[in-house]
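1. okay, sequence plus prediction incoming.
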Amino acid sequence: QVQVVESGGGLVETGGSLRLSCTASGRTFSNYAMAWFRQAPGKEREFVACITASGTSAYYTDSLKGRFTISRDNAKNTVYLQMNSLKPEDTAVYYCAARSDSGGLSVVRSHYGYWGQGTQVTVSS
């Protein structure tokens, strides 16, 4: 089992920045690819970004490229999501997820077996 816990959400004004953190425990963190998804009110949970276990490769949903950056520190068992130039439409609950890295990067929600409880990000206009 892998336990995943997100933190760092909050209220920010349009144009501001936030950095989300996700700490995983229970198994060897460096064996797991990690991802961020988000779910806005009344909408489906959508893919944001993912990163390989080694941290050498990452992939983003097209609409967020250039504003969001995913990174990880395997020594701290933590993955980050740096969010810049935030917009009201970025308001959502942000979820961190883990999957065995043998499967490579994936944007598919069902490919991730371990999820956190989510952290709320609210961007005011």
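-> On my side now, so go ahead. Numbers count the residues shown, from 1 in each chain.
2. tell me how far N84 lies from T14.
-> 12 Å (CB to CB, to the nearest Å). Using the backbone N, CA and C atoms, a C-beta is placed for each residue, glycine as well.
3. likewise S125?
-> Counting by CB to CB, the gap from S125 to T14 is 6 Å.
4. now the common contact residues for these two.
-> Common neighbours of S125 and T14 (criterion: CB atoms under 8 Å, 6 or more residues apart in numbering): P88.
5. for this structure, just list every one of the strands.
-> Counting by DSSP state E, one finds strands in the chain at the ranges 3-7, 10-13, 18-25, 32-39, 46-51, 58-60, 68-73, 78-83, 92-100, 114-115, 119-124.
6. now these in CSV, with mean neighbour count, distance to V108 and mean pLDDT?
-> Shown next, in CSV, are these (neighbours: other CB atoms under 10 Å; distance: least, CB to CB, whole Å; pLDDT from 0 to 100):
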stretch, mean neighbour count, distance to V108, mean pLDDT
strand 3-7, 17, 17, 96
strand 10-13, 13, 29, 98
strand 18-25, 19, 19, 96
strand 32-39, 25, 10, 96
strand 46-51, 22, 8, 97
strand 58-60, 17, 12, 97
strand 68-73, 18, 17, 98
strand 78-83, 22, 18, 98
strand 92-100, 23, 9, 95
strand 114-115, 18, 13, 96
strand 119-124, 17, 22, 98
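7. rebuild those strands as a markdown table, extending it with distance to S106.
-> Output for the strands of the chain, formatted as a markdown table (distance: least, CB to CB, whole Å):
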| stretch | distance to S106 |
| --- | --- |
| strand 3-7 | 16 |
| strand 10-13 | 28 |
| strand 18-25 | 17 |
| strand 32-39 | 7 |
| strand 46-51 | 7 |
| strand 58-60 | 9 |
| strand 68-73 | 14 |
| strand 78-83 | 15 |
| strand 92-100 | 7 |
| strand 114-115 | 13 |
| strand 119-124 | 22 |
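8. nearest to V107, out of the ones you listed?
-> strand 46-51 (4.3 Å; CB to CB).
9. dump the closest one to PDB, restricted to CA.
-> Output of strand 46-51 as PDB, limited to C-alpha atoms (Å, rounded to 0.1, in the frame of the first residue of the first chain):
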ATOM      1  CA  GLU A  46      -9.000  15.800 -15.200                       C
ATOM      2  CA  PHE A  47      -5.300  15.100 -15.700                       C
ATOM      3  CA  VAL A  48      -2.900  17.900 -14.900                       C
ATOM      4  CA  ALA A  49       0.700  16.600 -15.000                       C
ATOM      5  CA  CYS A  50       2.700  13.400 -14.400                       C
ATOM      6  CA  ILE A  51       6.300  12.600 -13.700                       C
END
